[in-house]
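>>> Sequence and predicted structure are below.
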Amino acid sequence: MPPLIDIQHVDYTQGTTKILRDVSWQLDAGAHWAVLGPNGSGKTTLLKIACGYIWPSSGCVLRGGEELIDLREWRKRIGWISSELVTQVPKKDTAVETVVTGRTAQVGLRYLPTFHPTEAEFAEAHERLEAIGCAALADKPFGVLSQGERQQVLFARATMAEPVLLVLDEPCAGMDPGVRERFLHWLDAQLAQPDGPSTLFVTHHVEEIMPSVERTLIMREGTIVEQGATSEVVTQAIIESAYEIQLAELRESGRRRWPIWAES
Ligand SMILES: Nc1ncnc2c1ncn2[C@@H]1O[C@H](COP(=O)(O)OP(=O)(O)OP(=O)(O)O)[C@@H](O)[C@H]1O
């Protein structure tokens with residue numbers, strides 16, 4: 001089977017600035033990748049090219065082995081969950097109302113005058129919440145949910161479109177340690193399910209890479225400097241070099257890797 005996304009020798013330039021240089025990377029169906037790299041290294045740009053929101057200046061992108069596909073249809077099969085999306089959800093919409101809007105590209109049920117979900121769609125939204133262990137959240141307003149619960153609801157919303165790819169863009173930003181750990185263990189269980197969508201997990205914190213995220217790529221200055229099995233890519237030497245930092249240790253515990261900072 002051809003890769004879900006096959007990026008070949010892609011450059012991306014804006015004005016005189018080269019933002020991506022000779023990037024090649026393949027995402028197989030069902031694979032889960034962590035995407036690491038310092039601020040401004042080109043992660044978001046790479047993801048936008050992969051998802052078909054922007055076009056490369058040179059090189060090519062195949063999706064399912066084909067170059068020319070209907071990108072509007074393709075984009076409907078991608079769930080992009082970011083902190084920006086969290087801020088767009090009206091606080092008064094309930095969790096289930098938020099999930100049902102997964103049938104559209106927008107959030108905010110009361111602001112979508114032409115979208116009138118059927119009873120069957122509401123029933124499905126309830127099922128989606130139940131399937132991920134969040135049935136109890138259904139009638140709670142989005143505004144009262146914790147940061148972790150909001151991510152869970154947006155995950156359920158993304159599944160309404162039966163996505164082939166989920167992009168989780170720094171999902172743990174703003175979470176306290178307890179919320180973050182509960183959310184990450186919940187997410188790990190979701191990703192470990194067979195036949196789920198491929199996932200791209202963007203983070204700045206290597207300890208957030210859960211065991212189910214078996215592959216990692218690292219960007220730096222517009223290129224992919226490392227890609228492959230998480231166990232081989234997320235090493236002390238590679239992390240120190242990618243972020244220009246010094247660690248006392250990158251300790252493995254609970255099949256995750258925890259940076260221990262060196263004394264300065
Ligand atoms: N439309 C644009 N015009 C000019 N420069 C751009 C444009 N889009 C991105 N850049 C620049 O390209 C570089 C890569 O940006 P990008 O958002 O892809 O980085 P990132 O790795 O996602 O960063 P962060 O971790 O801070 O989110 C940055 O220096 C950014 O300022």
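Yes, it's here. The structure displayed is predicted, hence computed values, not measured ones.
>>> okay, now the domains of the protein?
Here the domain parsing of the chain from automatic domain parsing is 1-77+164-235, 89-162.
>>> start to end distance for the first one?
Between the opening and closing residues of domain 1-77+164-235 there is a gap of 31 Å (CA to CA, to the nearest Å).
>>> pretty sure residue 173 contacts residue 83?
Yes - assessed by CB atoms under 8 Å, residue 173 is found in contact with residue 83 at 5.4 Å. C-beta coordinates here come from the backbone N, C-alpha and C atoms, glycine included.
>>> tell me the contacts of the closest residue to residue 60 other than its chain neighbours?
Sequence neighbours aside, residue 8 is the residue nearest to residue 60 in space, at 5.1 Å (criterion: CB to CB, 6 or more residues apart in numbering). Neighbouring residues of residue 8 by CB atoms under 8 Å, 6 or more residues apart in numbering: 24, 59-62.
>>> Please, which helix or strand holds residue 91?
Taking DSSP states H and E as the definition, one finds residue 91 inside no helix or strand.
>>> Over to residue 34?
Per DSSP H and E, residue 34 falls inside strand 32-36.
>>> which bits of the stretch 1-150 of the chain sit near the ligand?
Those residues of the stretch 1-150 of the chain that sit near the ligand, judged by CB under 6 Å from any ligand atom, are 14, 17, 19, 37, 39-45.
>>> Can you name the two of those residues that sit furthest apart?
Maximum pairwise distance among these (CB to CB): 18.0 Å, between 14 and 37.
>>> quick one: which of those two has more around it?
Per other CB atoms under 10 Å, whichever of residue 14 and residue 37 has more neighbours is residue 37, with 24 against 10.
>>> right, and the more buried one touches residue 241 too?
No - Residue 37 is not in contact with residue 241 according to CB under 8 Å; the separation is 11.9 Å.
>>> Which part of the stretch 51-200 of the chain gets nearest to the ligand, residue-wise?
When distances are taken as CB to the nearest ligand atom, the stretch 51-200 of the chain reaches nearest to the ligand at residue 170, 7.8 Å away.
>>> Now do the phi/psi pair for the closest residue to that residue other than its chain neighbours.
Among residues not flanking residue 170 along the chain, residue 202 sits closest, at 5.6 Å (CB to CB, 6+ apart). Note on residue 202: backbone dihedrals following degrees, to the nearest 10 are phi -90, psi 130.
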